[in-house]
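Peer 1: with the input below, show me the fold.
(2 chains)
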There are 2 protein chains.
Amino acid sequence: MKKLSVADSLFLRVERCSHPMHFGTLQIYRYPDGDAQSYIEELVHYVAEIARTIAPFNQRLRPPRYGIGLPSWEVDDNIDIDHHIRQVKLSGTDKDEQLIELTSRLHSSILDRSRPLWECTLIDGLDGGRFGAYWKFHHAYWDGVSALNTMDTIILSKKPDSLASDRIMGVRGNNVFESEKRDTVSVIARKYFHSFSQNIKSIQELSHNNKKVKRRRRKVSGAKIPGWYTASSSFINSPVSKNRRIATVTFSLSEFKYVATNTKSSINDVILAVSGGALRRLLVEKGLPLDKSLIVSVPVSLRKKSSQVDTGNAISDVLCEVGSDIRDPVERLSSIHSSMIASKRKLVSLSKTAIRNYTLITSFPFALSQIFGLTKGIPIPYNFIVSNVVGSEEPLYLNGAKLESFYSPSLLFQMQCLNITVVSYAGKLNFSLTACRDTLPDLDNLASYIRQEFSALLDSVQSIR
Amino acid sequence: MKKLSVADSLFLRVERCSHPMHFGTLQIYRYPDGDAQSYIEELVHYVAEIARTIAPFNQRLRPPRYGIGLPSWEVDDNIDIDHHIRQVKLSGTDKDEQLIELTSRLHSSILDRSRPLWECTLIDGLDGGRFGAYWKFHHAYWDGVSALNTMDTIILSKKPDSLASDRIMGVRGNNVFESEKRDTVSVIARKYFHSFSQNIKSIQELSHNNKKVKRRRRKVSGAKIPGWYTASSSFINSPVSKNRRIATVTFSLSEFKYVATNTKSSINDVILAVSGGALRRLLVEKGLPLDKSLIVSVPVSLRKKSSQVDTGNAISDVLCEVGSDIRDPVERLSSIHSSMIASKRKLVSLSKTAIRNYTLITSFPFALSQIFGLTKGIPIPYNFIVSNVVGSEEPLYLNGAKLESFYSPSLLFQMQCLNITVVSYAGKLNFSLTACRDTLPDLDNLASYIRQEFSALLDSVQSIR
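Peer 2: Residues are numbered from 1 along each chain as shown, chains lettered A, B, ... in the order given. The predicted structure follows:
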């Protein structure tokens, strides 16, 4: 039994039916040679085996005893496999469109807190010998980087002929959080007061760090680092309603590398520039003002990539003006690049503890407004999130089925109707757009704008050279 | 714009993520001759046309102005068709099992209150040239009888060759609640105080009726009519968790008629006897006490069956000891029969207004506990609901596709983990069992017990003759 951290449990506190706190991954595989039907049957057994033996797949929430403190994770010994592993087949004429529509629906429904907080839907019926798998994980389990690590190292393999069941045998057991004896009332009281005094110390430390952070910000010269809660509310900062809309765009990673190299920027900068340009096109389409740039939050992982299963959340974020006020794509990229360099320098110069505290300070008012579900008169910390996760460079296999592409529909906080999450995988860069279905009914347009914006940027870079 | 009645709006007040207040219908059709793909495409257009033009399919909630009073229905002019009409295909080996598992999942998720409160999922992939349609309706729209009437008369037809689009033309327009001008503050205030004074009058009337009801109960001699809130809590009266489990059983209507005729009881009595017997078997299996009978609530429609679309709720209910304390099936049926005769006589002797008030009085403490989500120390009004809805005797067609069978997964109130709803249709009697997935993981056993219990009853009746 392992207690949740404050960061993990926040995702439970802010969750509502209208903005569930799970993220998803939509994977598209090619069937290996042989009978597809028996492959899927074996796969269901494989996932069921994972569900029963590997954390966090076998972990469910246990409320704090006497209602004091944080909830814990406990092993669910009686897991309802049919609830967690589902099978459907696509219907209708345009199968790829149906896949995205189905994913939107699956992504809209909230997880059941009385069970392990994940679901897996195997989706048959795609053309060209392919099938899909949509996984849903609660953010209280872990962050996207951690989920990807587990996927890449335990569930998937770099070897096409690797036997999945052998891999599970290796990790089983040591990843299951061990059950502790139940605490008595006096032990709980002691732990509670210990945690209380730790919090007091932490608040003193925070105040010190806050001053340090402010001093450092002054030292960074030239580049624009937007302050927290200085973003102007845009149309995407409306109340989030219950249903989601998903859109995807895929690029060749080498083209993004080409642009990054020739503009002395990073792939992440190019992703931000393309996102900012696409949003600018959407603002133009809607006749909305372009004078002030939208501000995005860029999550930064505090975790070193490792092959070990590692649950929980370890994320901070930097803010960046995404250049929706700049018409020229190359100029926009250059502005983003210098802003990101300055922000990252600031973050790197702080210790890991200081970063965690900094994250707590900056996100505190936002977390409060989310917990109390406030939607009006609350300053917004940023306009939307653009997240970039580095996946495997080599192709991966699921029991011999090649993973062809990989999308990551994410979660929406209240008053944040758009999220762009990008995952690189095997030479491709996959954009996933997650949106409130009511605020962005035209999400497909935004996906087209991302495509157009990258073409424009590529053309400009090629013409400059 | 039409205001919701108090009864309709109660379903909104008691709704939680863990116990959504919608009911469903799962219909299984046989494809007509010709191309199945183009049939489905035409069907999607047909349902989309209904969604845009016919109430309540085009109606969404509008919160009361200034937060005072009851919400209203308003026309959604910009209905998101892809959200309401979905298409999937079954996967896996046992298609009928997959159909029920899929229905359980679809039935578990709550409707989006910002949109018209229904969904339709067309389910392909069944064997033998059949397809399924699962419809979900919020109970605030209407009750099951009203939904069935609309289905039978507008969406379906008794003629195999009837053109659906012609039928829609006939009803379109006059069923759309007309928009009224928005009320000013003073008008709202006046309406509010008028409704307040009406409530005062109603309370005086209720008190008078209550005495009348009590007097009448004394007059009914012999038969057991259980009082409200006298039921003992059983294992099915546990907190309801988020997910549902569905099971179905189908009988020949003529066999039920045979038993009813030869025991001088009604088909409804036989349904109750079989349900009570099945629950007794489940109690025996679990080693639970059998000394006191479980008490069921039997909804009675206050609505005359008509061909007109009629929204809203018009239901009262009578209580009945379901004979789970009686071992002999014929004796159990006889006890249920006399109890139901006495209860119905009581209800018939009251005026329609008195019945509505009686329903309000008896369900008031229950409604309060549901609104405040209370789960402990609250007396329960009854153990579970057994509902019997009379459907069409003749076969019905959907654009030429014959409706073969028809199930009705229902809703669960808090602390009510089981619902049995029975619909008769074209010579068959279809039982739908809806249960809390955690409290009744063995729902398939209960379905088998219903089958066994009817066999036992049939054998007894045949041996007596």
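Peer 1: what about the closest residue to chain B within chain A, which helix or strand?
Peer 2: Closest to chain B within chain A is A:Lys89: 3.4 Å, counting by Cβ to the nearest Cβ. In short, each C-beta sits where N, CA and C put it, glycine included. Per DSSP states H and E, A:Lys89 falls inside strand A:85-90.
Peer 1: could you give the angle of that strand to strand B:85-90?
Peer 2: 110 degrees (axes from the mean of the first three to the mean of the last three Cα atoms, to 10 degrees).
Peer 1: who's the residue of chain A closest to chain B bridged to?
Peer 2: Beta-bridge pairing for A:Lys89 (DSSP bridges): A:Asp124, B:Lys89.
Peer 1: spell out which parts of the stretch 301-450 of chain A neighbour chain B.
Peer 2: Within the stretch 301-450 of chain A, the positions adjacent to chain B are A:437-438, A:441 by Cβ under 8 Å from any Cβ of the partner chain.
Peer 1: including neighbour count, could those go into a markdown table?
Peer 2: Putting these into a markdown table (neighbours: other Cβ atoms under 10 Å in any protein chain shown) gives the following:
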| residue | neighbour count |
| --- | --- |
| A:Arg437 | 24 |
| A:Asp438 | 20 |
| A:Pro441 | 14 |
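Peer 1: ok, those vs A:Arg30, which is closest?
Peer 2: For those, the residue nearest A:Arg30 by Cβ to Cβ is A:Arg437; the value is 30.6 Å.
Peer 1: isn't the closest one right up against A:Ser104?
Peer 2: Yes: in this structure, A:Arg437 is within contact of A:Ser104 by Cβ atoms under 8 Å, at 7.3 Å.
Peer 1: common neighbours of the two, please.
Peer 2: Residues touching both A:Arg437 and A:Ser104 by Cβ atoms under 8 Å, 6 or more residues apart in numbering or on different chains: A:243-245.
Peer 1: do a quick rundown of the helices in chain A.
Peer 2: Here chain A has its helices, by DSSP state H, at A:6-13, A:36-53, A:81-84, A:95-108, A:144-150, A:164-171, A:185-219, A:253-262, A:267-285, A:329-349, A:352-371, A:443-464.
Peer 1: which positions within the shortest one qualify as buried?
Peer 2: Same thing as helix A:81-84. For helix A:81-84, a neighbour-count test (16 or more other Cβ atoms under 10 Å in any protein chain shown) marks A:82-84 as buried.
Peer 1: kindly report the same for stretch A:380-395.
Peer 2: Within stretch A:380-395, the residues scored as buried using 16+ other Cβ under 10 Å are A:380-389, A:391-392.
Peer 1: check stretch A:38-58 too.
Peer 2: Counting neighbours by 16+ other Cβ under 10 Å, stretch A:38-58 gives A:39-40, A:43-44, A:46-58 as buried.
Peer 1: return only those of these found close to chain B.
Peer 2: A:Ile40.
Peer 1: and the gap between the nearest residue to A:Ile100 once chain neighbours are set aside and A:Thr421?
Peer 2: In this structure, A:Ile100 finds its nearest non-sequential neighbour in A:Ile246, 5.6 Å apart by Cβ to Cβ, 6 or more residues apart in numbering or on different chains. Distance, A:Ile246 to A:Thr421, by Cβ to Cβ, to the nearest Å: 11 Å.
Peer 1: which ones are touching A:Val88?
Peer 2: Residues in contact with A:Val88, defined by Cβ under 8 Å, 6+ apart, are A:102, A:121-124, B:88-91, B:102.
Peer 1: out of those, who's the most crowded?
Peer 2: Highest neighbour count within these: A:Ile123, with 27 neighbours (other Cβ atoms under 10 Å in any protein chain shown).
Peer 1: any idea what the closest residue in space to that one that isn't next to it in sequence is bridged to?
Peer 2: With sequence-adjacent residues excluded and distances taken as Cβ to Cβ, 6+ apart, A:Ile123 is closest to A:Gly132, at 3.7 Å. As for beta bridges, A:Gly132 partners with A:Ile28, A:Ile123 under DSSP bridges.
Peer 1: A:Gly132 contacts A:Gly24, doesn't it?
Peer 2: No: using Cβ under 8 Å, A:Gly132 is not in contact with A:Gly24; the gap is 11.5 Å.
Peer 1: A:Asn445 contacts A:Leu283, doesn't it?
Peer 2: No: the criterion here is Cβ under 8 Å, and A:Asn445 misses it with A:Leu283 at 11.9 Å.
Peer 1: out of those two, which sits in the busier spot?
Peer 2: A:Leu283 (18 against 15).
Peer 1: how about the contacts made by that one?
Peer 2: Per Cβ under 8 Å, 6+ apart, neighbours of A:Leu283: A:234, A:289-290, A:324.
Peer 1: how near is it to B:Asp77?
Peer 2: Per Cβ to Cβ, A:Leu283 is found 25 Å from B:Asp77.
Peer 1: can you check A:Val389 too?
Peer 2: Distance, A:Val389 to B:Asp77, using Cβ to Cβ: 40 Å.
Peer 1: surely A:Arg60 meets A:Arg115?
Peer 2: Yes: counting by Cβ under 8 Å, A:Arg60 touches A:Arg115, with 5.6 Å between them.
Peer 1: overlap of the contact sets of those two?
Peer 2: With Cβ under 8 Å, 6+ apart as the test, A:Arg60 and A:Arg115 both reach A:Asp76.
Peer 1: from memory A:Arg281 sits against A:Arg451, does it?
Peer 2: No: between A:Arg281 and A:Arg451 there is no contact under Cβ under 8 Å: 10.8 Å.
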